[in-house]
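Asker: what follows is a predicted protein model with its sequence.
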Amino acid sequence: MIASWVTTTNHKRIGLLYICTALVFFAVAASMAMLMRSQLMRPENGLLSPHLYNQIFTMHGTTMVFLFGMPILSGLANYLVPLMIGARDMAFPRLNAFSYWLFLFGGLLLYSSFIFGGAPDTGWFSYAPLTERLYSAHNGVDFWILSLVILGISSMVGALNVILTTLRLRAPGMRLRMVPMFVWASFTNAFLIMFAIPSLTAGVAMLYLDRHYNTHFYDATGGGDPVVWQHLFWFFGHPEVYILILPAFGILSEVVPVFSRKPLFGRTAMMWMILAISFIGFTVWAHHMFAVGMSEPINAVFAGATMLIAIPTGVKIFNWLATMWGGSLRFKTPLYFACGFIGLFTIGGLTGVTLAAVPFDWQVTDSYYVVGHFHNVLFGGTLFGVLAGVFYWYPKVTGRLMSERLGKINFWLLFFGFNLTFLPMYILGLLGMPRRIYTFQTGQGWDTLNLISTIGAYTIALGVITLLYNLISSLTRGEVAGDDPWDAWTLEWSTTSPPPAHNFDRLPSIRSTRPLWDVKHPDRPDPPFEPTPDASAVAVQAAGVADAPVPEGSASLAAPAAVVTGEHEIPLESSLPIVTAAGLVLVAAGGLGSPLIPVIALVFVAGALVAWAFQPWHQVVGVTGARRPAAVVATLIFIFSEAVFFGALFYTYLHLRMRSPAWPPEGLPALDARLPAINTLVLLTSGVLAHWGMIGLRKGRRARYLAGTVMAALLGMIFLAGQGIEWSRAGFTLSSGIMGSTFFTLTGFHGAHVAVGIAALLLGVARSRRRDQTAVALGESATYYWHFVDGVWLVLFTLVYLLPTKTVGGM
Amino acid sequence: MGVRRLLKSIVPVAGSHWETPYVGLRRLVAALVAVSFVVLAVAAEADAAAPSILRPASQSAQDIRHLSLWLLVICLLVFVVVEGLLITVIVLFRRRRREEDVRQVYGNSNLEFLWTLIPAILVIIIFTMTIRSMGALQLQGGEVAVKVTGHQWWWEFEYPDGKVKLANEVHIPAGRTVNISLESADVIHSFWVPQLGGKTDMPPGHVNRATFLAATPGVYQGECAEFCGLQHAHMRFDLVVEDSARFSAWLRHQGEPAAEPVSDQAKRGQQTFLSQPCLGCHAIRGTTAAGATAPDLTHVGSRRSIGAGTLPNDPQSLERWIRDPQAVKPGVLMPAVPMTDAQRADIVAYLEGLQ
């Protein structure tokens, strides 16, 4: 029984594992919040020592973001996306399990720091140089770094899965623009994850090197710059806020229409607004840094970009209100939370705009005003949205309804508790109370407001206890729900509660965004997206042709015929995901001490991955035909993500190089470009050969594929040898000032990618003995990745070897 | 019974209202308004004692307050409209009509255009106000320069002649422009005197600047606003604004070497101080103590607080501080130096005499 959960690759089980694990971490992080509020209940309270308080606020933030917020949204997406688009499972069931196990083990790794020398205590933002070894000697920060890398990989793997599932596994007739809003939000969100996380990964990688290999990236005394960390962190950290809120927007857009008995108002605009928020979300990161000393024009640009986000967000709020307007509101708990979301998130949005007003930000940044603001967004927003979703979908998952009575008590406790806790915080910020202080002195006007806030927090705790009790007791005592307790309109409600392992026996035909509405109201169906929905729609959709306009006056349709879902292979169970995840976490844990364990674990992971590649193909076959295998598309998206990683490294290098008074810095030799130039030729040749081979693979000429790819891999090895020779002759080391740090880190990470690329090429060759689609997908993926590695080298070669040197006093 | 009735009146879940929040809604609004008023009343009273950004003591802080109030007005306007609409919708459309009568409306381009335009206009207004405010805050010139260095967990202030150096207390003249240069000796700190203006971060390797024009004489609380480690909570300073004459006198006095001890006890205290590890970290100008890693104590007796705002500066507190700094401010870099009670009393007498 338990074993079948360990080896499961079923998206519903994995979704449940995600949700339950995230709820446990939520309870832990909420308890930490109670400890903090208890400490701050009165001035100069002695409940927590400063060391403990700092660990707790660090772990509260890190947990809520990485171990509750992201995973519970992943869990909901895992469970619901396939059901909502009429699919059998996620696109990559084994990767799905892999991302869950990485999340669990990454979380456990982070929490094990409490046993091994103390948890991280530098804040979830971990500003260097406080995180450098000089100021944080104990290994809490290392636990933080290593588990964040693991959790980042987990999120990215999960995100790729959501993207490919949405792209490839939609039911016949469901165009991309017809997917339910929660799917759309999760889909968009997955791209945010792919492009935001690498910046954090690059940042923590350099922090780790600083801490253990004496590089100087964030060390001002060695030519580094702590502000680099802030840019890298917030380039991740601000999109992260949208990563946490967009799926909640999606949930609202499911719940509000169903409980208003009306379709979502302005659905197309709602989809565009999510895209707009996602794009603008990548251009605002430096608004976290207005006080850091950037120039006025830069501050102004980031202020403007930040304020722009208010526009799409405002449209969303008004569209939800317009959805409710004229409806017949059914006040069940999900709608309570949805209304609470609208009410409270609005405050978070408005205070967010005030924080973009630079001079006001100078006053209130890093004060309790900010604490109030982002809790309005993440508690009033994300959590209320998630709870609306939990109450809404619980009957689908369990077959039973949650108690309405407890649900409403729970809502009011959270709602009042929330306002009582966080309203005073805004005022405390205006009254000059800084964040992250473990105690405060009396006589500053802060005493009563802090007491009120703490009372509010205890009220929230009662609400959370009610919630947890309701979640558990309704499992057995809840009213039996039936398949469709809310009379809803998306596909998940057309199957049983809980759904069978294969999800659907039959799917209704899909012509509009509310397929079940069409079934239930054949007399007045939604306007269809296609004039004549039939099988040819599938082909049109796969080719990505633009949607045809909705025809006028075609409201009357014959009763939709049901179609049977396409052929699926049944996902098998596999122990490889958990084994690989455990190995990878062991590799990471090795970063805390002895290098022997990680080396062994690395060999072990490599073996598991090879076995993985040779296992029977688990991919769920989509019913929508497509040109490229899903794995290749996933690789291409991953390559863009990798590009962000190298972008972060290149930015760091250029920034530090420009700050340096001379380049090469005094005492270091200029780089000799001759050997790297030869290496460039080697790598480019190998790229041509690999591509030539890949085209052979597509045409079924295996000999040509083998010849091209093996030669490409050999040239790759020659490149690595050349790189090794260059390193040994460099005349300086990793710790030789900022030049040593950047040079070895850039060429080192590139070299590691070359090595991975060689391994992928050779794995493709080995796998190609089985002449199946998988072999082609693997070969193509490896080749594209190889091209990427080439491309990075060209940039690296230009920036590192060809930029003019500069001497003191001139360029 | 009274409690139950009270609870019933503010928590609209009791009785038969599970499905119909209409009665509950009025109570809810009433309760929220009541709670808000209580909080605001507390806040209004607290404001008088707090280092509040709403009681500015400089032109910059005044300007920011002006901006803040306008932001508040605009936000309140939007808030009232949105929350008002939400409540209206809840009241008007809670399960009144039969579901079959609900018109299936898919959108309305004109309306959506309207509520794209309105936020856009508000954003343009707020952005313009922001830019104008940023322009107004750029003070020109500067007559007095102060160099501030942030340390874990104390502040070092230096005046340009190089003679005056002190810790955790800084004086500036009223009505004159003061240029402050900010650096850090270790991790990132952030300089914040709420009543004088916004924060300026102090990342190591950067020299940031802040300019103040303080109007009203008084003592203002300064704080470190960037998390800087274990004792971030106890990294504060006093900023004293005084008229020009008093400021000049103060500066002249601070430039003088330390006062010679007068009483026998203070003389013994000086000898003890100079024979103990104290002088490895602390400097007292005019003596052999020339340590540079801890606060300069030349005129420590004249300061308002010790331990960067941790304790008031009086003999009892100083005695407590020296006896066991770790008990007062856990993690502070100053160790407890073993000595007898008498020796400690001597040192306290000596230091308190360093006016």
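Answerer: Here it is on my side, so go on. What you see is a predicted model, and the numbers here were worked out from it, not measured in a lab. Numbers count the residues shown, from 1 in each chain, chains lettered A, B, ... in the order given.
Asker: and the closest residue to chain B within the stretch 701-811 of chain A, what element?
Answerer: Across the stretch 701-811 of chain A, the shortest distance to chain B (Cβ to the nearest Cβ) belongs to A:Ile738, at 11.1 Å. Backbone N, C-alpha and C define where each C-beta goes, glycine included. Element membership of A:Ile738 [criterion: DSSP states H and E] is helix A:737-767.
Asker: in that helix, what's buried?
Answerer: A:737-747, A:749-751, A:753-754, A:757-765, A:767 (16 or more other Cβ atoms under 10 Å in any protein chain shown).
Asker: low-confidence stretches in the chain?
Answerer: No chain in the question, so chain A it is. For chain A, the stretches flagged by pLDDT under 70 are A:530-571, A:594, A:616-627, A:808-811.
Asker: correction: the question concerned chain B.
Answerer: Looking at chain B by pLDDT under 70, you get B:1-24, B:95-96.
Asker: quick one: residues contacting A:Thr346.
Answerer: A:317, B:78-79, B:82-83 (Cβ atoms under 8 Å, 6 or more residues apart in numbering or on different chains).
Asker: change it to 6 Å
Answerer: The contact partners of A:Thr346, by Cβ atoms under 6 Å, 6 or more residues apart in numbering or on different chains, come to B:Val82.
Asker: so it, which of the three states?
Answerer: helix (DSSP: H, G, I helix; E, B strand; the rest coil).
Asker: show me where chain B has strands.
Answerer: B:144-151, B:154-158, B:165-167, B:169-173, B:177-184, B:189-192, B:200-202, B:208-213, B:218-224, B:236-242, B:305-306, B:311-312 (DSSP state E).
Asker: what's the spacing between the third one and its chain's center?
Answerer: Centroid separation for strand B:165-167 versus its chain: 20 Å, with Cα atoms, centre = their mean, to the nearest Å.
Asker: hmm, back to that, pick the most deeply packed of the strands of chain B.
Answerer: The highest mean neighbour count among the strands of chain B, using mean count of other Cβ atoms under 10 Å in any protein chain shown, belongs to strand B:189-192: a mean of 28.
Asker: how about residues contacting that strand?
Answerer: For strand B:189-192, using Cβ under 6 Å, 6+ apart, the contacting residues are B:150, B:182, B:199-202, B:223-226, B:228.
Asker: repeat that for stretch A:267-277.
Answerer: A:184-185, A:188, A:242, A:246, A:253, A:312, A:315-316, A:319, B:112.
Asker: nearest to A:Val204, of those residues?
Answerer: A:Tyr242 (20.6 Å; Cβ to Cβ).
Asker: any idea how many residues pack against the closest one?
Answerer: 23 (other Cβ atoms under 10 Å in any protein chain shown).
Asker: ok, it to A:Ile317 distance?
Answerer: 16 Å (Cβ to Cβ, to the nearest Å).
Asker: how about A:Glu492: what's its closest non-neighbour residue?
Answerer: Leaving out its chain neighbours, the residue that sits closest to A:Glu492 by Cβ to Cβ, 6 or more residues apart in numbering or on different chains is A:Leu83, at 3.7 Å.
Asker: surely the one you found meets A:Ser494?
Answerer: No. Contact criterion Cβ atoms under 6 Å: A:Leu83 and A:Ser494 do not qualify, at 9.3 Å.
Asker: what strand or helix carries A:Gly158?
Answerer: With DSSP H and E as criterion, A:Gly158 is part of helix A:140-168.
Asker: give the other helices and strands that that helix contacts.
Answerer: helix A:70-84, helix A:93-112, helix A:181-213, helix A:576-590, helix A:630-659 (3 or more Cβ pairs under 6 Å, 6 or more residues apart in numbering or on different chains; DSSP states H and E).
Asker: any idea which of the ones you listed is most buried?
Answerer: helix A:70-84 (a mean of 27).
Asker: circling back to that earlier point, so for B:Gln62, which of the strands of chain B sits nearest?
Answerer: The minimum distance between B:Gln62 and the strands of chain B falls on strand B:208-213, with 9.8 Å, by Cβ to Cβ.
Asker: three-state assignment of A:Met64?
Answerer: helix.
Asker: now it, nearest residue through space, not along the chain?
Answerer: A:Ala29 (4.9 Å).
Asker: name the helix or strand for the closest residue to A:Leu576 other than its chain neighbours, please.
Answerer: Nearest residue to A:Leu576, sequence neighbours excluded (Cβ to Cβ, 6+ apart): A:Trp612, at 4.9 Å. Using DSSP H and E, A:Trp612 sits in helix A:596-614.
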